[in-house]
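Colleague: with the input below, show me the fold.
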Amino acid sequence: MDKYYMEKYQVVVVGAGHAGCESALAAARMGKKTLLLSTTLEAVAMMPCNPSIGGTGKGQLVREIDALGGEMGINIDKTFIQSKMLNPSKGPAVHSPRAQADKKRYHDEMKHTLELQDNLDLKQNEVIDLDIENGKIIGVMTKTGAYYPADTVVLATGTFLNGTIHVGSSTFSSGPNGYSSSVELADKMQEKGLGLRKFKTGTPARVLAHSLDYSKMKEQKGDEKISPFSFMNDELSCEQISCWLTYTNNKTHKLVAENIEKTAPYGGYTTGVGPRYCLSIEDKVSRFPDRDRHQLFVEPEGANTDEIYLQGMSTSLPEDLQIQFYRTIAGLENVVLSRYAYSIEYDCIDPMSLTLGLEHRKIKNLFCAGQLNGSSGYEEAAAQGLMAGINAVRKIDGEEPFILDRSEAYIGVLIDDLVTKGTEEPYRMMTSRAEYRLVLRQDNADLRLTEKGYRIGLATEKRYEKYLDNKKKTEKEVKRLRETYISQKDANTFLKKLGSAPVKNRISMAKLLQRPEVTYENLTLLEPSREDIGSYAKEQAEIHIKYEGYIEKQLAQIERFRKLEHKKIPGEIDYSNMKGLRLEARQKLRDQRPESIGQASRISGVSPADINVLLIHLEKRKA
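Modeller: Numbers count the residues shown, from 1 in each chain. Here you go, the predicted structure:
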């Protein structure tokens, strides 16, 4: 194959899934000449699995992406067909937005956004090799012989890297949705010492809506009041499409159990590690034999298609058995499959080979993002892609990497978990992973991150001005509620209507609002002519006042955490001769090169005693 040189780009992004899109847009919007390469343009922002964005823990990531100036929140707000806030009966720390997407429109809108973006070229071509010279990446080679020189490269290959599809005993090379897998690049990466390993995931069948009997299912409607993902949208309206809920039964489980050896994992056809929190039906039947049913969500894939996604019913059974077991489920007795379910194995790297800025430790200017790093999910991929794109730009400009720590964002938790702790299975974000989740809420992502996004040159002036306006209104309203007092008589009349205990003196509006049964909205009984400050400031003021004590305690915990994070460890420090360090700690610290005492303390195999030794060494070094 003849090699020919193309024009040079400052940032080349390989792969146009959710990670690649955010990475390329971030780099281009920050002023760098950027190239986004995809094996097929039909794979741009593709949703090969569930047709939704957000969910528990994931919704927080999307709102943080948006607050920093990313695109995912804006795009789902354009293309959703149903919207719900999950966990509404619980505290605000676990409220998580989720939206069903029109998956074709989601792809079309994101592709169009990329095409119109200044400084960005979107091209269809498969990257088959990385040009690395003296430990630094300097370009990429494509299947057609086109060579693109580059200052930095972001790898965001998703599940395409050496993708292998499994359906029963049938095994063949393929990426998701029938697109070709990237085999040559995987081979070259292995040759160059990037240390690939196998992970796997799966997706359920797609079926036709007209073949379903919805009378046997429970309807799942969207929220009447839609919560936008993007902070740039105050309100949204949409003629929402319902999802439906049904369940497996003993007949389903019996059929699956009797044929479980015909699935790819149980038949010995796969070696990859699958996700613990997204089990196939065969895993559910095998691991939970006492369960008499498992739920199945019937989710439309768009407004202009008859295809339906069967959430919770992933499998790698042969196609004929898939039809049989789906037809044992209420409402699916006459189901017609349009796309069979499958399991997919793919190559990924060990994320502990990356810095907190997502740059490879051994190959300068090479950044990695998304499922290549061992994560699962569109949202986790997009978050990493955004950060990789930002840091590729900062690398070119000679600036320190932009890093969010665990106390600042779910994005910080995600990347720190991957890079510091590693993962033995596809990593999924959950609210339980965030120690400071009461502070890291989905509703205040802009208050936490928009100024940071603006300072690094990603969030726009318009977004920044809106953030400042919302912040000002919130602070003004909190102050007003604290300084506005209600007489004892009026307060007790109000409290009696709510069945709440009376007060003995006059009381501030803020103190009233701290009571569980009092909401910001029913305070209008005391202030019928109150100025409308907008839904955002109302929500923020109410949360701030109601949870003030808890938030202050968490902020104190964050302060202690940051003291360790701010104790930086010099990159050239020699652990091999550090007296007092245990052998395991010495090896782990030498291999991972933590950037701070805080990060070192989270490395598996490094004990509190080892951290004390390290602190003493740093003090001596400083002296």
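Colleague: tell me how many other residues surround E115.
Modeller: By other C-beta atoms under 10 Å, 12 other residues sit near E115. (Glycine included, C-beta is placed from N, CA and C.)
Colleague: next, the buried residues of stretch 291-300.
Modeller: Along stretch 291-300, these residues count as buried under the neighbour rule (16 or more other C-beta atoms under 10 Å): H294, L296, F297, V298, E299, P300.
Colleague: quick one: which of these is nearest L194?
Modeller: When the buried residues of stretch 291-300 are compared for distance to L194 (C-beta to C-beta), E299 comes out closest, at 36.1 Å.
Colleague: my reading is that the closest one lies in a strand. Confirm?
Modeller: Yes. Assigned with DSSP: H, G, I helix; E, B strand; the rest coil, E299 falls within a strand.
Colleague: quick check: it touching G312?
Modeller: No. Contact between E299 and G312 fails when scored by C-beta atoms under 8 Å: they sit 9.8 Å apart.
Colleague: flag the shaky bits of the protein, pLDDT-wise.
Modeller: Across the chain, nothing is flagged by pLDDT under 70.
Colleague: top helix in it by residue count?
Modeller: The single longest helix within the chain, with elements called by DSSP state H, is helix 461-483.
Colleague: tell me which other helices or strands that helix touches.
Modeller: helix 445-455, strand 507-508, helix 509-513, helix 535-546 (3 or more C-beta pairs under 8 Å, 6 or more residues apart in numbering; DSSP states H and E).
Colleague: now T142: phi and psi?
Modeller: Main-chain torsions, T142, degrees, to the nearest 10: phi -110, psi 170.
Colleague: ok, now which ones touch the residue nearest to N444 when sequence neighbours are not counted?
Modeller: Of all residues not flanking N444 in the chain, Q540 sits nearest, at 6.6 Å (C-beta to C-beta, 6 or more residues apart in numbering). Neighbouring residues of Q540 by C-beta atoms under 8 Å, 6 or more residues apart in numbering: D443, N444, L447, N470, T474.
Colleague: could you check how far A146 is from E115?
Modeller: 20 Å (C-beta to C-beta, to the nearest Å).
Colleague: what does K546 give?
Modeller: Taken as C-beta to C-beta, the span from K546 to E115 is 45 Å.
Colleague: domain parsing for the chain?
Modeller: Domain segmentation of the chain under automatic domain parsing yields 4-160+167-199+346-432, 206-345, 475-554, 567-622.
Colleague: quick one: these as JSON lines, columns for distance to V439 too.
Modeller: As requested, the domains of the chain are exported to JSON lines (distance: least, C-beta to C-beta, whole Å):
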{"stretch": "domain 4-160+167-199+346-432", "distance to V439": "7"}
{"stretch": "domain 206-345", "distance to V439": "17"}
{"stretch": "domain 475-554", "distance to V439": "5"}
{"stretch": "domain 567-622", "distance to V439": "17"}
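Colleague: name the SS class of G202, please.
Modeller: With three-state DSSP as the basis, G202 sits in strand.
Colleague: so which residue of the protein lies furthest out from the middle?
Modeller: K489 (50.2 Å; C-alpha atoms, centre = their mean).
Colleague: my guess is L356 meets E595, correct?
Modeller: Yes. Assessed by C-beta under 8 Å, L356 is found in contact with E595 at 6.0 Å.
Colleague: for the contacts of Q540, which one is nearest R582?
Modeller: N444 (41.1 Å).
Colleague: around that closest one, count how many other residues there are.
Modeller: 21.
Colleague: T271 too?
Modeller: 11.
Colleague: the chain should start at 591 in everything you say after this.
Modeller: All right, first residue 591 from here; so that's T861.
Colleague: just checking, it touches D937?
Modeller: No. Contact criterion C-beta under 8 Å: T861 and D937 do not qualify, at 11.6 Å.
Colleague: ok now do the residue nearest to V846 when sequence neighbours are not counted, which residues does it touch?
Modeller: Spatial nearest neighbour of V846, excluding adjacent residues (C-beta to C-beta, 6+ apart): V875 at 4.7 Å. Taking C-beta under 8 Å, 6+ apart as the contact definition, V875 lies against H843, V846, A847, I850.
Colleague: apply 10 Å and report the result again.
Modeller: V875 sits next to T838, T842, H843, K844, L845, V846, A847, I850, L869, R881, H884, F915 when contact means C-beta atoms under 10 Å, 6 or more residues apart in numbering.
Colleague: same check on A683?
Modeller: Counting by C-beta under 10 Å, 6+ apart, A683 has contacts 650, 677, 1021, 1024, 1026-1032, 1133, 1137, 1140-1141, 1144.
Colleague: in helices only, show me those.
Modeller: Checking these against DSSP H, those in helices are Q650, I1133, Y1140, I1141, Q1144.
Colleague: and the second one, how many neighbours?
Modeller: I take that to be I1133. So I1133, with other C-beta under 10 Å, has 21 neighbours.
Colleague: how about stretch 716-736: buried residues?
Modeller: Neighbour count says stretch 716-736 has 716-722, 727-733, 736 buried, by 16+ other C-beta under 10 Å.
Colleague: which one of those residues is nearest to Y1075?
Modeller: Comparing the buried residues of stretch 716-736 against Y1075 with C-beta to C-beta places I727 closest, at 64.3 Å.
Colleague: what's opposite the closest one in the beta bridge?
Modeller: When bridges are called by DSSP bridges, I727 pairs up with I722.
Colleague: quick one, what contacts it?
Modeller: 602, 720-721, 740-743, 745, 782, 950, 953-957.
Colleague: list phi and psi for the nearest residue to S763 once chain neighbours are set aside.
Modeller: In this structure, S763 finds its nearest non-sequential neighbour in S771, 5.2 Å apart by C-beta to C-beta, 6+ apart. With angles defined as degrees, to the nearest 10, S771 sits at phi -90, psi 160.
Colleague: roughly how far apart are G1047 and K622?
Modeller: 10 Å.
Colleague: so these two - more neighbours on which side?
Modeller: Taking other C-beta under 10 Å, G1047 and K622 do not tie; K622 has more neighbours (21 against 16).
Colleague: tell me the secondary structure for the closest residue to the more buried one other than its chain neighbours?
Modeller: Setting aside the residues directly before and after it, K622 is nearest to Q600 in space (C-beta to C-beta, 6+ apart), at 4.2 Å. Secondary structure, three-state DSSP: Q600 is strand.
Colleague: so Q600 versus A982, what's the distance?
Modeller: With distances taken as C-beta to C-beta, Q600 is found 8 Å from A982.
Colleague: just checking, Q707 touches E661?
Modeller: Yes. Judged on C-beta atoms under 10 Å, Q707 makes contact with E661 at a distance of 9.4 Å.
Colleague: can you check which residues contact both of these two?
Modeller: By C-beta under 10 Å, 6+ apart, the residues touching both Q707 and E661 are A614, L615, R619.
Colleague: residues near T918, how many?
Modeller: 17.
Colleague: that one contacts R883, doesn't it?
Modeller: No. Assessed by C-beta under 10 Å, T918 is found out of contact with R883, at 11.3 Å.
Colleague: re earlier: generate a PyMOL selection restricted to the buried subset of the contacts of A683.
Modeller: Filtering these down to the buried ones (16+ other C-beta under 10 Å) takes a single PyMOL command:
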select buried, resi 650+1021+1024+1026+1027+1028+1029+1030+1031+1032+1133+1137+1141+1144
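Colleague: between the contacts of A683, which is closest to D1007?
Modeller: A1024 (9.9 Å).
Colleague: in which helix or strand does the residue lying closest to that closest one once chain neighbours are set aside reside?
Modeller: Closest residue to A1024 apart from its sequence neighbours, by C-beta to C-beta, 6+ apart: V1003 at 4.9 Å. Under the criterion of DSSP states H and E, V1003 resides in helix 1000-1006.
Colleague: rewinding a little: intersection of neighbour lists for G1047 and K622?
Modeller: A616, V983, D987.
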